[in-house]
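A.B. asks: Any chance you could fold what I've pasted below:
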Amino acid sequence: PVRTGRRIGAVALGIALVVPLGLPALDGGLLGGAGGGIGAGSGGGGTISAVNPLVQLSESLNVDRDRQVLSYRTNTDNIQEMYLRIVSLDDFDGTSWKPTERSITGVPDDFGTPNGLGPDVKRNEIETRIASAKDYAQNWLPMPYPVTSVDIDGDWRYEPVGRTLVGDHGQDTKGAQYTVKSLIVRPTAKQLAAAPEPPPALKREYTEVPPSLPPVVARTARKITAGSANDYERAVKLQDWFAFSGEFTYDTEVQSGTGSRAIARFLDEKEGFCVHFSFAMASMARTLGIPARVAVGFTPGTPEANGAMSVGLRDAHAWPELYFEGVGWTRFEPTPNRGTTPEYTQPESSGDNGLPDVPRPSESSSSEPSAQPSESESCTAQQVRLEGGCSSESAAALPGSDDEERGFWGLVFFSPWTLLIVPGALALFALPLLPMLWRMRMRSVRLGAHGRTPAEAAAHALGVWQEVTDTAWDYGIAPDESQTPRRAAARIVRLGRLEPQAEAAVHRLAAAVEQVLYAPQPQVPAGLAQDAHEVAAGLRAQVGRWPHLRALFLPRSTVRVIWAVSARWSALTTELAARRPTLRRPSAPTGQNN
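C.D. replies: Predicted coordinates:
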């Protein structure tokens, strides 16, 4: 019996170790194997360990196939503010950002008012029902911020400073279903600009930077924010520099080093993804005396046909949170083409919509007529046509007489045969090129100016997306109008075998289109035309010579011309039929005998 028991125990232990290796899992999602990091004491005690949660955003953003990890329904239409926050990283030691070791308690019924939020700031409470995928294991609970209450089963603990929930005794998010009440805080730019100094203890803790931080970080921060009147203006200038004016490139393939040297390298090379942007902005804000930390979680996700929102691995994100007394911890978005720019960081509506003025002629330029004769006045029309201008030297150098030249060019340009042959030859030559010329014209129109008004920017985003889908069609990837932009982008990436740079470009375009289609106030980023060119180059690089020539001279998408003509013809015939008078048969007169 003893030997039998040992054998059974060995077999059971082997099964317990081997079987889980074959089961599907998401490798802990965003946060790697730091575990819960919770000390002793279930119920009301314990601490959260300062072990770095190993933010693995790069792996989540670069998965071959996007997988849903969360779905949710909420009672707010302001979906662009529905960032699902997991944890905040507030301890920067020069090597990495990580959550500070803090005490945890039991989950209260009411979390109370968020720290620093004053009564004058507009807010509204919303309710969100969240369901986690059965194969998504996460020790920290994704929730909108700031949370006011959570209804969830299981062994969860509450960390008051970060307003986060963390699993105890192996508790994780697998298959969890929970309801969250949270606030959408709506501060104004004036309230943020007028924010008083934060409490000294809070400012001291959240503005601490390590001595190893390279001087270029603080120097760059001061240069960008020069002339700012307050911390709010400094924060907005930092955000806009990263997202717009600094010419940074979003690239998920860049290594995500988190040390101080990595930040300096990022500021120099200007390539990275959300980890780099959020870590760099938070570090620079701290050097300016603005309390800052980094939040890790998910962007709002993609609307589904049933009204729910779907959140996938590629929605993983990191963003900086800066503290303003009277408002509390406030989200900023420095990562270009990711998430949404907060409304309180955008310029208020005005006549110029916050856009730069159109260049005007210099005031120093004179509007008086010149006393010198112009070139066209001192030249004959013949000299201008032949030489593109004239001078005394060029006029003297013209050989032959005017009569000879007039006769020669008259023979060339005014011969009856020339008037018949040249247009016919041009038409014959251009006929095979019409599909290519039409695509060139459509491409030029769609990738034209971004537009100064929000409506023009939205139309530009939709036009660029149409151009990308048509380009993919030209290379053999027929459009599927039933798919969402995000799924259509994934299909183009898969069938077109796009490289990472082109893949990132098509996903940025899909995100911009989703902004236009679903966001109440869409924020369309610049650079969409460049992304379209990047996608076209990526598709072109994956095909041979003949498919490329087919896409160039006989593009499949030109069938849209036939569809458009057919639709117009159908509408015209319908309109003519409606206008045609109804023919009535003459009726036989009544009351008469034949």
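A.B. asks: can we go C-alpha only for contacts and neighbour counts from here?
C.D. replies: OK.
A.B. asks: can you give me the helices in the stretch 101-250 of the chain?
C.D. replies: Ranges of helices within the stretch 101-250 of the chain are 189-193, 200-206, 215-224, 231-240, based on DSSP state H, counting those that start in this stretch.
A.B. asks: show me where pLDDT drops low in this protein?
C.D. replies: The chain contains residues with pLDDT under 70 at 1-2, 4-7, 9-64, 95, 255-260, 347-420, 422-430, 449-452, 581-594.
A.B. asks: Identify the bridge partners of the closest residue to residue 251 other than its chain neighbours.
C.D. replies: Counting by Cα to Cα, 6 or more residues apart in numbering, residue 272 is the residue found nearest to residue 251 once chain neighbours are left out, at 4.9 Å. Beta bridges link residue 272 to residue 250, judged by DSSP bridges.
A.B. asks: begin at 34 from here
C.D. replies: Got it, first residue is 34 now, which makes that one residue 305.
A.B. asks: what number of residues lie near residue 305?
C.D. replies: 20 (other Cα atoms under 10 Å).
A.B. asks: What of residue 317?
C.D. replies: 25.
A.B. asks: cool, and residue 301?
C.D. replies: 11.
A.B. asks: just checking, what packs against whatever helix or strand it lives in?
C.D. replies: In this assignment (DSSP states H and E), residue 301 forms part of helix 293-302. On a contact count with 3 or more Cα pairs under 8 Å, 6 or more residues apart in numbering; DSSP states H and E, helix 293-302 meets helix 248-257, helix 307-320.
A.B. asks: With distance to residue 299 added, can I get the helices of the stretch 134-283 of the chain in TSV?
C.D. replies: Formatted as TSV, the helices of the stretch 134-283 of the chain follow (distance: least, Cα to Cα, whole Å):
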stretch	distance to residue 299
helix 222-226	29
helix 233-239	22
helix 248-257	10
helix 264-273	15
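A.B. asks: Looking at the ones you listed, which is nearest to residue 133?
C.D. replies: Among the helices of the stretch 134-283 of the chain, helix 233-239 comes nearest to residue 133, with 10.5 Å by Cα to Cα.
A.B. asks: Put the alpha carbons of that closest one into CSV.
C.D. replies: The C-alpha trace of helix 233-239 is given here as CSV (Å, rounded to 0.1, in the frame of the first residue of the first chain):
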residue,chain,number,x,y,z
PRO,A,233,3.9,69.6,0.8
ALA,A,234,4.1,65.9,1.7
LEU,A,235,2.3,64.9,-1.6
LYS,A,236,4.5,67.2,-3.7
ARG,A,237,7.7,65.9,-2.0
GLU,A,238,6.7,62.3,-2.7
TYR,A,239,5.5,62.6,-6.3
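A.B. asks: what comes up buried for that helix?
C.D. replies: Of the residues in helix 233-239, 236, 239 count as buried by neighbour count, 16 or more other Cα atoms under 10 Å.
A.B. asks: Strands of the stretch 284-433 of the chain, residue ranges please.
C.D. replies: Taking DSSP state E, counting those that start in this stretch, the strands of the stretch 284-433 of the chain run over residues 304-305, 325-331, 335-336, 342-345, 349-357, 361-364.
A.B. asks: Taking helix 307-320 as reference, get the angle to the longest one.
C.D. replies: Think strand 349-357. 10 degrees (axes from the mean of the first three to the mean of the last three Cα atoms, to 10 degrees).
A.B. asks: Check which helices and strands strand 349-357 sits against.
C.D. replies: Against strand 349-357 (3+ Cα pairs under 8 Å, 6+ apart) you get helix 90-94, helix 307-320, strand 325-331, strand 361-364.
A.B. asks: Nearest the middle, which residue of this protein would you pick?
C.D. replies: Note on the chain: the residue nearest the mean C-alpha position is residue 370, at 2.6 Å, using Cα atoms, centre = their mean.
A.B. asks: Chain neighbours aside, what residue packs nearest to that one?
C.D. replies: Closest to residue 370 by Cα to Cα, 6+ apart is residue 541, at 5.7 Å.
A.B. asks: I figured the residue nearest to the centre of the chain hits residue 543, correct?
C.D. replies: No: Residue 370 is beyond contact range of residue 543, at 9.9 Å (criterion: Cα atoms under 8 Å).
A.B. asks: now stretch 490-502, how far from the centre of its chain.
C.D. replies: Stretch 490-502 sits 14 Å away from the centroid of its parent chain (Cα atoms, centre = their mean, to the nearest Å).
A.B. asks: hang on, the earlier thing: can I get the helices and strands packed on strand 349-357 in JSON lines with distance to residue 176?
C.D. replies: What follows is the helices and strands packed on strand 349-357, written out as JSON lines (distance: least, Cα to Cα, whole Å):
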{"stretch": "helix 90-94", "distance to residue 176": "18"}
{"stretch": "helix 307-320", "distance to residue 176": "19"}
{"stretch": "strand 325-331", "distance to residue 176": "9"}
{"stretch": "strand 361-364", "distance to residue 176": "14"}
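A.B. asks: what's the closest of these to residue 184?
C.D. replies: Going by Cα to Cα, the one of the helices and strands packed on strand 349-357 nearest residue 184 is strand 325-331, 19.6 Å.
A.B. asks: Give me the buried stretch members for that closest one, please.
C.D. replies: Buried residues in strand 325-331 (16+ other Cα under 10 Å): 325, 326, 327, 328, 329, 330, 331.
A.B. asks: distance of the first one from residue 174?
C.D. replies: Right, the one you point to is residue 325. Distance from residue 325 to residue 174, counting by Cα to Cα, to the nearest Å: 22 Å.
A.B. asks: now the fifth one
C.D. replies: Using Cα to Cα, one gets 11 Å for the distance from residue 329 to residue 174.
A.B. asks: Overlap in contacts, these two.
C.D. replies: residue 119 (Cα atoms under 8 Å, 6 or more residues apart in numbering).
A.B. asks: returning to what we had before: pick out whichever of the buried residues of strand 325-331 sits closest to residue 359.
C.D. replies: residue 325 (15.4 Å).
A.B. asks: was I right about that closest one contacting residue 240?
C.D. replies: Yes: at 6.6 Å, residue 325 counts as touching residue 240 under the criterion of Cα under 8 Å.
A.B. asks: Common neighbours of those two, please.
C.D. replies: 318, 319.
A.B. asks: In contact with the residue nearest to residue 183 when sequence neighbours are not counted, which residues?
C.D. replies: Residue nearest to residue 183 in three dimensions, not counting chain neighbours: residue 213, with 4.6 Å by Cα to Cα, 6+ apart. Contacts for residue 213 (Cα under 8 Å, 6+ apart) come out as 160, 161, 162, 163, 176, 177, 180, 181, 182, 183, 184.
A.B. asks: show me what contacts the first one?
C.D. replies: By that I understand residue 160. 107, 108, 212, 213, 214, 215.
A.B. asks: Name the residues linked to it by a beta bridge.
C.D. replies: Beta-bridge partners of residue 160, as defined by DSSP bridges: residue 214.
A.B. asks: separation between it and residue 216?
C.D. replies: 9 Å.
A.B. asks: do the third one as well
C.D. replies: Note on residue 162: its distance to residue 216, by Cα to Cα, is 14 Å.
A.B. asks: Could you do the last one as well?
C.D. replies: Using Cα to Cα, one obtains 16 Å as the distance from residue 184 to residue 216.
A.B. asks: the domain parsing of the protein - what is it?
C.D. replies: 80-225, 226-378, 469-605 (automatic domain parsing).
A.B. asks: want to throw the ones you listed into JSON lines with distance to residue 36?
C.D. replies: Listed next are those as JSON lines, based on distance: least, Cα to Cα, whole Å:
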{"stretch": "domain 80-225", "distance to residue 36": "33"}
{"stretch": "domain 226-378", "distance to residue 36": "48"}
{"stretch": "domain 469-605", "distance to residue 36": "55"}
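A.B. asks: Nothing else from me, thank you.
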